[in-house]
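# I'll drop the sequence and a predicted model, then ask my questions.
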Amino acid sequence: GTAGVFVSPNKAFRIPANDDAPMIMVGPGTGVAPFRAFLEERQMRGAKGKNWLFFGDQSAKTEFYYKETIEEWMDSGDLYKFTTAWSRDQEEKIYVQHRLKEHGAEIWEWFENGAYFYICGDKTYMAKDVHRALIAIAEDHGGMSNEDATHFIEKTMMREQKRYLRDVY
């Protein structure tokens with residue numbers, strides 16, 4: 001059925017057809033909403049692919065949406081990895097793109113293992129910063145030139161393989 005399936009205006013924004021494909025989801029703030037449906041759907045399908053969620057907002061105290069659900073998924077193993085970025089919980093502002101770069105080696109490994117990369121949320125700043133972080137990861141961990149890294153992220157992953165999907169607004 002269609003229970004719990006988040007319908008995005010972006011038709012391509014859906015879980016991988018391949019249940020074994022790893023999935024990296026970046027959904028700061030309310031951008032996390034569709035990923036709740038993604039994970040429910042993978043759970044329903046008994047998908048074996050690993051799921052990694054990056055979530056961020058101003059403060060863990062006030063903006064930790066779906067905390068209980070996320071903790072349940074971590075316990076059940078439906079969520080393999082959960083990485084947070086709280087911009088105001090320490091002196092320096094930390095955003096999702098910083099966390100992506102910190103975990104760059106592992107993200108690159110996931111890409112090499114066929115991972116799909118999803119981003120949902122603010123297109124003005126966040127999506128651009130995350131996009132730049134992905135290119136940097138391809139340079140630093142894929143040993144690519146800036147030109148090759150840009151081509152890999154924008155042409156290979158986005159257009160040809162359709163493994164980098166965005167729902168930004």
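Happy to help now that I have it.

# Least confident secondary structure element in the chain?
The helix or strand of the chain with the lowest confidence, counting by mean pLDDT, DSSP states H and E, is helix 60-63 at a mean of 89.

# Next, give phi and psi for the nearest residue to Phe64 once chain neighbours are set aside.
Leaving aside its sequence neighbours, Phe64 sits nearest to Asp57 (CB to CB, 6 or more residues apart in numbering; 7.5 Å). C-beta coordinates here come from the backbone N, C-alpha and C atoms, glycine included. Main-chain dihedrals, Asp57, degrees, to the nearest 10: phi -170, psi -160.

# residues near Asp57, how many?
The number of residues packed near Asp57 is 22, by other CB atoms under 10 Å.

# ditto for Asn51
Residues near Asn51, counting by other CB under 10 Å, number 23.

# Would you agree it is in contact with Met74?
No: using CB atoms under 8 Å, Asn51 makes no contact with Met74, being 10.3 Å away.

# and the residue nearest to Phe64, how far is that from Lys93?
Per CB to CB, to the nearest Å, Asp57 is found 12 Å from Lys93.

# any common contacting residues for these two?
The contact sets of Asp57 and Lys93 overlap at Ser87 (CB atoms under 8 Å, 6 or more residues apart in numbering).

# Let me see the ranges of the strands in the chain.
Remark: strands assigned in the chain by DSSP state E are 23-26, 51-57, 81-86, 116-121, 164-168.

# Please identify the buried residues of the last one?
Across strand 164-168, burial judged by 16 or more other CB atoms under 10 Å covers Tyr164, Leu165, Arg166, Asp167, Val168.
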